[in-house]
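[1] My questions concern the predicted model and sequence given below.
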Amino acid sequence: MRQGDPWAWLFPWPPYCLGCGVELPGAPVTCPAICPTCHRQVAFRPRSRCPSCDRPAWLAEAGRPCSECRNLGPPWQAVRALGPYDGLLRRLILRMKYGEEPYVAALLGRLLAERVAAWPRDLLVVPIPLHPVRLRERGFNQALLLAANLARVSGRLLAPHALRRLRRAPPQAMLGAAARRSNVEAVFAPRPGWRLGGRPVLLVDDVLTTGRTLASACQALRAAGAGPVFGAVAAVTPLWPGAASPAASVPVPGRDPGEEPARAWAGSSSDRAGAGPAVGGGALLGGLWGDAEGLRQS
């Protein structure tokens, strides 16, 4: 146990990088950390990116939206992500969702807060909701964990129940273009009684694949009177020609098609080196959001 450290009784392990497991003596023990080398691995490489959805993509003209955004006509102002859904960032997201390591959201949420630091301070942080059945199966909503940590670090107000999911839909990555549109059509609705009165909103999710889910949530927020809607996601799928699609993953018995195996991230022993004890998702949420009840009107 570390001598002279008042947090040592609660966090007896040394700070370590969630990417490679190297010890980080100068990092705070109260928040998951990442070393500079791994931080560079989860960030975007110097390539062209869509100004609307933040995807790495070939752009016909600098500053113009990518082909997906031109087809979708996204209702958001802009989306920002930490990096592309591959490599270390992909493994961290899979560990958060399926590897019994929801505390990874504390790291990703903090990095997301830095990513959107220049956006308006009065953005209301709203997570993409899970269907109640999926929530019972997983035990937590990864988008809510990310949103709660983003809101806490950035000092923004969190509205964890602003949206509800009306039906359980198959993952977008397994569907064709036409099926994607109908799959998430009217799948979200604002909570009864919510009136946003033109307030700007920051929608949070883990991965942006097609953009249809985020667009459907934007429409539901607009129905509740939201102002401009922005998006923050941990990762985006690139649009490079020939890039592997998330749909290529093999379905796992007992999971919805398109969900990735619980241990799909375990590519090397270093991925879990130094891993600390798992923390329940619910335990991470206590006290992380402010009171958004003032946005309700009877």
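    Perfect, I can see it now. Here the structure is a predicted model, which is why all the values come from computation and not from measurement.
[2] ok, and for stretch 228-243, which residues are buried?
    Buried positions in stretch 228-243, judged by neighbour count with 16 or more other CB atoms under 10 Å: Pro228, Val229, Phe230, Gly231, Ala232, Val233, Ala234, Ala235, Val236, Thr237, Pro238, Leu239. (Glycine included, C-beta is placed from N, CA and C.)
[3] May I ask which two of those residues are separated the most?
    Using CB to CB, the two most remote members of the buried residues of stretch 228-243 are Pro228 and Pro238, lying 26.2 Å apart.
[4] re earlier: reformat the buried residues of stretch 228-243 as JSON lines; add distance to Arg168, pLDDT and secondary structure.
    Converted to JSON lines, the buried residues of stretch 228-243 look like this (distance: CB to CB, whole Å; pLDDT from 0 to 100; DSSP: H, G, I helix; E, B strand; the rest coil):
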{"residue": "Pro228", "distance to Arg168": "29", "pLDDT": "96", "secondary structure": "coil"}
{"residue": "Val229", "distance to Arg168": "24", "pLDDT": "97", "secondary structure": "strand"}
{"residue": "Phe230", "distance to Arg168": "27", "pLDDT": "98", "secondary structure": "strand"}
{"residue": "Gly231", "distance to Arg168": "22", "pLDDT": "98", "secondary structure": "strand"}
{"residue": "Ala232", "distance to Arg168": "24", "pLDDT": "98", "secondary structure": "strand"}
{"residue": "Val233", "distance to Arg168": "21", "pLDDT": "98", "secondary structure": "strand"}
{"residue": "Ala234", "distance to Arg168": "22", "pLDDT": "97", "secondary structure": "strand"}
{"residue": "Ala235", "distance to Arg168": "23", "pLDDT": "97", "secondary structure": "strand"}
{"residue": "Val236", "distance to Arg168": "24", "pLDDT": "95", "secondary structure": "strand"}
{"residue": "Thr237", "distance to Arg168": "22", "pLDDT": "90", "secondary structure": "coil"}
{"residue": "Pro238", "distance to Arg168": "28", "pLDDT": "86", "secondary structure": "coil"}
{"residue": "Leu239", "distance to Arg168": "28", "pLDDT": "78", "secondary structure": "coil"}
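[5] Go through those residues and name the one nearest Leu24.
    Looking across the buried residues of stretch 228-243 and measuring by CB to CB, the closest to Leu24 is Ala234, at 21.0 Å.
[6] Just to check, that closest one is in contact with Leu89?
    Yes - checked against CB atoms under 8 Å, the pair Ala234 and Leu89 is within contact range at 7.1 Å.
[7] Common neighbours of these two, please.
    Shared contacts of Ala234 and Leu89 (CB atoms under 8 Å, 6 or more residues apart in numbering): Leu82.
[8] What values do phi and psi take at Pro127?
    phi -80, psi 150 (degrees, to the nearest 10).
[9] was I right about it contacting Asn141?
    Yes - with contact defined as CB under 8 Å, Pro127 reaches Asn141; the gap is 6.4 Å.
[10] That's all I had, so thanks and see you.
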